[in-house]
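> Got a predicted model here, sequence first, then my questions.
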Number of protein chains: 2
Amino acid sequence: MAGRGRPRTFDRDTALEQAMEVFWTKGYESTSISDLTTAMNMKPPSLYAAFGDKEALFEEVIRRYNSQYGARLWGDLERFEHPKDATRHVLMTTAHLYTQDDTPHGCMVVLAAPQADSNHANVNRALRDLRRLTVGNLKNLYARAQHDGLIPPAANIDNMANYYTTVQYGMSIQARDGATRDELIAVADAAMATWPSLISTT
Amino acid sequence: MAGRGRPRTFDRDTALEQAMEVFWTKGYESTSISDLTTAMNMKPPSLYAAFGDKEALFEEVIRRYNSQYGARLWGDLERFEHPKDATRHVLMTTAHLYTQDDTPHGCMVVLAAPQADSNHANVNRALRDLRRLTVGNLKNLYARAQHDGLIPPAANIDNMANYYTTVQYGMSIQARDGATRDELIAVADAAMATWPSLISTT
DNA sequence: CGATTTATTTATCGATCACTACATAATTCA
DNA sequence: TGAATTATGTAGTGATCGATAAATAAATCG
């Protein structure tokens, strides 16, 4: 299992975790290779040998981010019988995750590079595609529920998914601006109060 | 009125408008002086003489942005008798403004530099303070309405303001990701449907 | 007119950017 | 052990960053 040449002096997962924290706090563009090598405790050649260039490292970071935090949000929604409970779980978990003390506040996918066009279009596009997955998750959830009769046929499930996604996106900005966990929970509660009117004809 | 020396060859307001479009599209950091001088059709020394450095130019741009677009949102809310109508006006105007074809989509104050900490902390802070003004506007609106008896004393107006602000923030991300005007209007409608439950005890 | 003032153009500045050539160190394989 | 392989540290690369010095151009003032 151990390779042939000189072994690494750092743990790859730990280094990725350290890189994630920097990207999450400063965003993609404001994070320099120097910031990264400092946080990851290695010199540039080691970083490039292990992760490719800055963009490849970032892509690996967001893959890791998604499997770590996305899973907390979307991983076990099928255990909820009703889509309303699943949606509440998503929003409440969001309020919790976005205000954790041991990570930067807000969602990295929303905050790291929201520019329409920058000098790093690949990164902007990758993050946008990840965000669209979020809406897709909700639409799938609601489509299944509608098929199962838990949401009336007349309900506009696209609007529902767009609405809850919008609230979740907004919570990222709020969290970054210093909103407390309780404040985000209150926002989530308010959003959930809309449910009855959403599932009636729109 | 005309000064003493050689007159400017550009219109200051036009140049600011051109700078705004670049900052709005690419964000603060990704916008280079070179991007700006190209868009503003001038050489660096002219830019620096007329506007100071990049940060001062950006600050002037967001002041202009705020007086142009902020006014459309918050300028004449007193013409609405009921705070619910004022809130609907804000969200509907937001849906309209964020999807205009002759400007970048979404709000520059939300999208230009949402990093928690970057190499331009002044800019991050200035934008965050502007965003907090938004919540403040809503809180003032609701406080007056509560005093006038249009919102029950038991209602939690801080939660209300946080909630509608969150929806508006989220609409910026949605607009940037390609949401249509109709989709944002549907989101605004959904958010307004929450009103009755918000003004009952929370 | 000449003196003064301000703006524009040209041609940069030092700093930092992402990234790498090169020599050396540490491991495995034969 | 020596050859091969991989990682690390030193010391840079050219490009671009934000910002500017110096010369020139265009206006007003006396």
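All right, it came through fine.

> so does the helix ranked longest in chain A get close to DNA strand C?
Counting residues, the longest helix in chain A under DSSP state H turns out to be helix A:121-147. No. Among the residues of helix A:121-147, none lie within reach of DNA strand C under C-beta under 7 Å from any atom of the strand; the closest is 11.0 Å away. Heads up, the C-betas are built off the backbone N, CA and C, glycines and all.

> Please see if that helix touches DNA strand D.
No. Using C-beta under 7 Å from any atom of the strand, we find that helix A:121-147 stays clear of DNA strand D, coming within 14.1 Å at best.

> Just list what that helix packs against, helices and strands only.
helix A:54-65, helix A:83-97, helix A:108-111, helix A:157-176 (3 or more C-beta pairs under 8 Å, 6 or more residues apart in numbering or on different chains; DSSP states H and E).

> Centre of the chain to that helix, how far?
Centre-to-centre, helix A:121-147 and its host chain are 11 Å apart (C-alpha atoms, centre = their mean, to the nearest Å).

> go on, stretch A:132-148?
The gap between the average C-alpha position of stretch A:132-148 and the chain average comes to 17 Å, counting by C-alpha atoms, centre = their mean.

> could you dump it to CSV, C-alpha only?
The C-alpha trace of stretch A:132-148 is given here as CSV (Å, rounded to 0.1, in the frame of the first residue of the first chain):
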residue,chain,number,x,y,z
ARG,A,132,-28.8,24.0,-8.9
LEU,A,133,-28.4,20.5,-7.4
THR,A,134,-30.0,21.9,-4.3
VAL,A,135,-33.1,23.1,-6.1
GLY,A,136,-33.1,19.7,-7.9
ASN,A,137,-33.1,17.8,-4.6
LEU,A,138,-36.2,19.7,-3.4
LYS,A,139,-38.0,19.3,-6.7
ASN,A,140,-37.4,15.6,-6.7
LEU,A,141,-38.6,15.3,-3.1
TYR,A,142,-41.8,17.2,-4.0
ALA,A,143,-42.4,15.3,-7.2
ARG,A,144,-42.2,12.0,-5.4
ALA,A,145,-44.5,13.3,-2.6
GLN,A,146,-46.9,14.7,-5.2
HIS,A,147,-47.0,11.3,-6.9
ASP,A,148,-47.6,9.6,-3.5
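
> My read is that residue A:112 contacts residue A:28, right?
Yes. If you go by C-beta atoms under 8 Å, residue A:112 and residue A:28 touch, sitting 5.1 Å apart.

> When these two are compared, which one has more neighbours?
Neighbours per residue (other C-beta atoms under 10 Å in any protein chain shown) separate residue A:112 from residue A:28, with residue A:112 holding more: 28 against 25.

> DNA strand D contacts on chain A?
Residues of chain A lying near DNA strand D (C-beta under 7 Å from any atom of the strand): A:3-10, A:42-46, A:49-50, A:119.

> rerun that using 6 Å as the cut-off
Contact residues, chain A versus DNA strand D (C-beta under 6 Å from any atom of the strand): A:3-6, A:8-10, A:42-46, A:49.

> which among those gets closest to residue A:95?
residue A:10 (34.3 Å; C-beta to C-beta).

> Check whether the closest one really touches residue A:43, as I assumed.
No. With contacts counted by C-beta under 8 Å, residue A:10 stays clear of residue A:43, the gap being 10.7 Å.

> what sits in contact with each of residue A:112 and residue A:28?
Each of residue A:123 lies in contact with both residue A:112 and residue A:28 under the rule C-beta atoms under 8 Å, 6 or more residues apart in numbering or on different chains.

> about what we covered before: now mean pLDDT too, for the helices and strands packed on helix A:121-147, in a markdown table please.
Shown next, in a markdown table, are the helices and strands packed on helix A:121-147 (pLDDT from 0 to 100):
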| stretch | mean pLDDT |
| --- | --- |
| helix A:54-65 | 98 |
| helix A:83-97 | 98 |
| helix A:108-111 | 98 |
| helix A:157-176 | 98 |
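
> Any regions of chain A where pLDDT drops low?
A:1-2, A:201-202 (pLDDT under 70).

> redo that, cut-off 90
A:1-4, A:117, A:134, A:200-202 (pLDDT under 90).

> Relative to the whole chain's centre, how far out is the helix or strand where residue A:13 lies?
According to DSSP states H and E, residue A:13 maps onto helix A:12-30. In terms of C-alpha atoms, centre = their mean, the centre of helix A:12-30 is found 14 Å from the chain centre.

> can I have that helix written out in PDB, keeping just the CAs?
The C-alpha trace of helix A:12-30 is given here as PDB (Å, rounded to 0.1, in the frame of the first residue of the first chain):
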ATOM      1  CA  ARG A  12      -3.900  14.500   2.700                       C
ATOM      2  CA  ASP A  13      -7.400  14.800   4.300                       C
ATOM      3  CA  THR A  14      -6.100  17.100   7.000                       C
ATOM      4  CA  ALA A  15      -4.600  19.300   4.400                       C
ATOM      5  CA  LEU A  16      -7.800  19.400   2.400                       C
ATOM      6  CA  GLU A  17      -9.700  20.300   5.600                       C
ATOM      7  CA  GLN A  18      -7.300  23.200   6.200                       C
ATOM      8  CA  ALA A  19      -7.600  24.400   2.600                       C
ATOM      9  CA  MET A  20     -11.400  24.300   2.900                       C
ATOM     10  CA  GLU A  21     -11.400  26.600   5.900                       C
ATOM     11  CA  VAL A  22      -9.400  29.200   4.000                       C
ATOM     12  CA  PHE A  23     -11.500  29.000   0.800                       C
ATOM     13  CA  TRP A  24     -14.700  29.100   3.000                       C
ATOM     14  CA  THR A  25     -13.600  32.200   4.800                       C
ATOM     15  CA  LYS A  26     -11.900  34.200   2.100                       C
ATOM     16  CA  GLY A  27     -13.600  32.900  -1.000                       C
ATOM     17  CA  TYR A  28     -11.900  31.500  -4.100                       C
ATOM     18  CA  GLU A  29     -10.200  34.600  -5.500                       C
ATOM     19  CA  SER A  30      -9.000  36.200  -2.300                       C
END
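
> and that helix, which residues are buried?
Judged by neighbour count using 16 or more other C-beta atoms under 10 Å in any protein chain shown, the buried positions of helix A:12-30 are A:15-16, A:18-30.
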